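Enquirer: sequence? don't have it. structure:
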Ligand SMILES: Nc1ncnc2c1ncn2[C@@H]1O[C@H](COP(=O)(O)OS(=O)(=O)O)[C@@H](OP(=O)(O)O)[C@H]1O
Ligand SMILES: Nc1ncnc2c1ncn2[C@@H]1O[C@H](COP(=O)(O)OP(=O)(O)O)[C@@H](O)[C@H]1O
């Protein structure tokens, strides 16, 4: 175990053999779930310590830390190894995923230490997404807790099929078999519900070391492996998933005219020179010419290997494409049912576009429907209009272009995705694709002979969307009306979509929650698009308070077609005007979610026009819009 003893009497060949073993020995990634109180940090600290993975300087730091902070009378406190940051220590919780490395003669290990605090489900998901085994810690005195269910659920959601149930603190229950047995029976029931196929339960005292490295004499009734034996021997290989060869292209390697290689890591199956392949989503076919690696060409490459393929034909392939077995290709779709764990500080709002990253591909995506959210403590489905931080939802997703994919159960690489906020670039969700929605393939674009250009030409104008945004009472309707009247007078074909009016008909089912506003704007943007397709100049006058939806609206149109007009009126001025008496009501608490009072307005950052209604009269501002349009 640990580093080889490189003393002079160690034969050189033994060292070579050791290094060889070390090079080729397998890697197991696991996560630990449970709280600091359950003894999680002690367990990992001790595993690391006893496998001699610690460097000397870490050790001496540990000893002095133990004297300062330790809770164990100057003895080494293993928990301090993991609760690395002092801020975390002060809170008494571990707040981030800490990755640790250690090795024994048999295996190398990467352990993701996942915090047990209620709020940090997202950290656990981060660790779980790459792990093969979850070590779930339970305090023998407390038994299974809500967090045990939650952690196990998230582990199963992210594809972990092997659980080591560590029933810790057995010393505090007198190594009583009955206590252990009851906890294990309860857990097996839970595991069956969650579809966790393999559970090994170990009666443990992480603190005293019982059944940690070796089996303990204190549990004569237990004949299973110690924690370390289990970790060293568990076969957590996923086995062939049955899907064919898949290579998500990471980059195209084209050093000169003669060489064109497609580099990536084999996500599933294996490949040989001469194999028939198909490139998706384009559907173009060829055969593998060579499998190139830094160490020379290969005759065969399998899952997990990083390679560069060259093909027999010149195909146009770019990053994000998937090269696949032509006889067993993946499905391609743009609509999915998916589970998502929400990690954003702002709630998930259906209809809002996010970036979706799957494999090596990034596309725009939105949630069309949250079917339900799932209580992570009980796995019960609950009705939901949005998802908050740490909530799990089952959703329908719509992508702006079709992507090749696999069900997550078959491939973590081609079935797992993350969502990224388009403003902040923060990762806001981790998700698993379940299946493609059939309707995607059944709806086709109807070709229209008379197109937008033809319709606009006959009207003698260019279609435009003038998008007026601003607070209630800022002056959107007043200015839009003036612009409309003048354009009409000049013979242009126009139409006004006004929030107050559209909300009486098409959108009468919507209120003023964030999610209803997102849907409100999505629908009106689609209507504006139809009107622009009809060749009209459309004036849209909605508060449209969120940048993300204004951007979504903009992206529906050709460059230059969408003109954002920010009616810039300070809240105090709009409130002073209070044309409809709504501000007074909102201030009196009779109207909830009122923009500017208890619902946000996100000021445009790059509007084509910014109109200051304090310094300029409405007529003047309307003329500026006309001048911009007719310029
Ligand atoms: N809670 C709350 N917040 C904001 N506005 C409210 C609210 N309740 C009713 N109203 C009236 O609805 C009009 C705004 O509707 P919009 O469709 O433009 O709003 S949004 O774009 O979906 O935010 C808005 O019209 P304008 O004053 O013309 O902007 C209000 O008259
Ligand atoms: N410069 C200005 N531009 C637009 N409206 C103004 C201006 N100055 C005062 N107002 C008044 O402010 C009010 C704006 O109301 P409205 O146009 O209904 O706003 P919104 O449609 O944004 O809710 C009107 O009563 C209008 O006469």
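Expert: In hand now; what should we look at? All figures in this text were calculated on a predicted structure; none of them were measured in a lab. Ligands and ions are numbered 1, 2, ... in the order given.

Enquirer: and the residue of the stretch 351-500 of the chain closest to ligand 1?
Expert: Closest to ligand 1 within the stretch 351-500 of the chain is residue 499: 2.5 Å, counting by Cβ to the nearest ligand atom. Every C-beta, even on glycine, is put in place using the N, C-alpha and C of the backbone.

Enquirer: go ahead and confirm that residue touches residue 541.
Expert: Yes - assessed by Cβ atoms under 8 Å, residue 499 is found in contact with residue 541 at 6.4 Å.

Enquirer: looking at the two, which has the bigger crowd around it?
Expert: Using other Cβ atoms under 10 Å as the criterion, residue 499 and residue 541 rank with residue 541 on top: 29 against 20.

Enquirer: give the bridge partners for that one, please.
Expert: With DSSP bridges as the criterion, residue 541 is bridged to residue 468, residue 498.

Enquirer: residue of the stretch 201-350 of the chain nearest ligand 2, please.
Expert: Closest point on the stretch 201-350 of the chain to ligand 2, by Cβ to the nearest ligand atom, is residue 349, at 23.0 Å.

Enquirer: just the pLDDT at that residue, thanks.
Expert: Confidence at residue 349, expressed as pLDDT, is 91.

Enquirer: how near is the nearest residue to residue 360 once chain neighbours are set aside to residue 29?
Expert: With sequence-adjacent residues excluded and distances taken as Cβ to Cβ, 6 or more residues apart in numbering, residue 360 is closest to residue 248, at 4.4 Å. For residue 248, the distance to residue 29 (Cβ to Cβ, to the nearest Å) stands at 20 Å.

Enquirer: which parts of the chain sit against ligand 1?
Expert: 472-473, 477, 499-500, 503, 512, 517, 520-521, 542-545, 580, 582, 591, 593-595 (Cβ under 6 Å from any ligand atom).

Enquirer: just to revisit the earlier point, surely the residue of the stretch 201-350 of the chain closest to ligand 2 and residue 514 touch.
Expert: Yes - Residue 349 is within contact range of residue 514, at 5.8 Å (criterion: Cβ under 8 Å).

Enquirer: count of residues packed around residue 530?
Expert: 10.

Enquirer: torsion angles phi and psi at it?
Expert: Residue 530 has phi and psi values of phi -60, psi -40 when expressed as degrees, to the nearest 10.

Enquirer: can you check residue 477 too?
Expert: phi -70, psi -40.

Enquirer: what sits against it?
Expert: Residues in contact with residue 477 (Cβ atoms under 8 Å, 6 or more residues apart in numbering) are 498, 500, 541.

Enquirer: run me through the strand neighbours of whichever strand or helix holds residue 310, direction for each.
Expert: Counting by DSSP states H and E, the element that carries residue 310 is strand 306-311. Here strand 306-311 has these sheet partners by DSSP bridges: strand 259-265 (antiparallel), strand 284-292 (antiparallel).

Enquirer: the closest residue to residue 457 other than its chain neighbours sits in which helix or strand?
Expert: Nearest residue to residue 457 in three dimensions, chain neighbours excluded: residue 535, at 7.8 Å (Cβ to Cβ, 6+ apart). Under DSSP H and E, no helix or strand contains residue 535.

Enquirer: how many neighbours does residue 336 have?
Expert: Other residues within reach of residue 336, judged by other Cβ under 10 Å, total 26.

Enquirer: enumerate the positions of the helix or strand containing it that are buried.
Expert: Assigned by DSSP H and E, residue 336 belongs to strand 331-342. Of the residues in strand 331-342, those buried by neighbour count under the rule 16 or more other Cβ atoms under 10 Å are 332, 333, 334, 335, 336, 337, 338, 339, 340, 341, 342.

Enquirer: now these as TSV including distance to residue 379?
Expert: Shown next, in TSV, are the buried residues of strand 331-342 (distance: Cβ to Cβ, whole Å):
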residue	distance to residue 379
332	32
333	27
334	29
335	25
336	21
337	17
338	17
339	12
340	15
341	14
342	17
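
Enquirer: how far away is residue 205 from residue 525?
Expert: Separation of residue 205 from residue 525 (Cβ to Cβ) stands at 62 Å.

Enquirer: what's in contact with the strand holding residue 310?
Expert: 247, 253, 259-266, 271, 277, 286-293, 298, 301, 323.

Enquirer: poorly predicted segments of the stretch 351-500 of the chain, please.
Expert: Within the stretch 351-500 of the chain, the stretches with pLDDT under 70 are 439-445.

Enquirer: make it 80
Expert: The model of the stretch 351-500 of the chain has pLDDT under 80 over residues 377, 425-427, 438-448.

Enquirer: quick one, strands of it?
Expert: All strands of the stretch 351-500 of the chain, identified by DSSP state E, counting those that start in this stretch, fall at 354-358, 361-374, 381-382, 392-405, 416-420, 427-436, 464-469, 494-498.

Enquirer: and the fourth one, how far from the chain's centre?
Expert: Taking the mean C-alpha point of strand 392-405 and that of its whole chain, the gap between them comes to 12 Å (Cα atoms, centre = their mean, to the nearest Å).

Enquirer: quickly run through the sheet partners of it, with directions.
Expert: Neighbouring strands of strand 392-405 in its sheet, by DSSP bridges, are strand 331-342 (antiparallel), strand 361-374 (antiparallel).

Enquirer: taking the mean pLDDT, what do you get for the first one?
Expert: Throughout strand 331-342, pLDDT has a mean value of 92.

Enquirer: what's the angle between that strand and strand 427-436?
Expert: Counting by axes from the mean of the first three to the mean of the last three Cα atoms, to 10 degrees, strand 331-342 lies at 140 degrees to strand 427-436.

Enquirer: and what of the last one?
Expert: Computed with the same axes, to 10 degrees, the direction of strand 361-374 lies at 80 degrees from that of strand 427-436.

Enquirer: low-confidence ranges, the stretch 1-150 of the chain, go.
Expert: For the stretch 1-150 of the chain, the stretches flagged by pLDDT under 80 are 1-26, 35-37, 50-101, 113-127, 129-130.

Enquirer: hmm, back to that, test my guess that the residue nearest to residue 360 contacts residue 357.
Expert: No - contact between residue 248 and residue 357 fails when scored by Cβ under 8 Å: they sit 11.0 Å apart.

Enquirer: who's more crowded, those two?
Expert: Neighbours were counted for residue 248 and for residue 357 using other Cβ under 10 Å; residue 248 has more, 24 against 17.

Enquirer: which residue, neighbours along the chain excluded, lies closest to residue 606?
Expert: The spatially closest residue to residue 606, leaving aside those adjacent along the chain, is residue 564, at 7.8 Å (Cβ to Cβ, 6+ apart).

Enquirer: now do the same for the one you found: helix, strand or coil?
Expert: At residue 564 the chain is in strand, as set by DSSP: H, G, I helix; E, B strand; the rest coil.

Enquirer: who's it bridged to?
Expert: Residue 564 has the following beta-bridge partners by DSSP bridges: residue 467.

Enquirer: can you give the domain ranges for the chain?
Expert: Per automatic domain parsing, the structural domains of the chain span 21-233, 246-325, 331-442, 452-630.

Enquirer: mind checking the end-to-end distance for the last one?
Expert: Put plainly, it is domain 452-630. 19 Å (Cα to Cα, to the nearest Å).

Enquirer: is any residue of it near ligand 2?
Expert: Yes - using Cβ under 6 Å from any ligand atom, we find that domain 452-630 touches ligand 2 at 470, 472-479, 541, 567, 577, 579, 613, 616-618, 621.

Enquirer: with adjacent residues omitted, what lies nearest to the residue in the chain that ligand 2 sits nearest to?
Expert: Relative to ligand 2, the nearest point of the chain is residue 475 (2.6 Å; Cβ to the nearest ligand atom). Nearest residue to residue 475, sequence neighbours excluded (Cβ to Cβ, 6+ apart): residue 613, at 4.5 Å.
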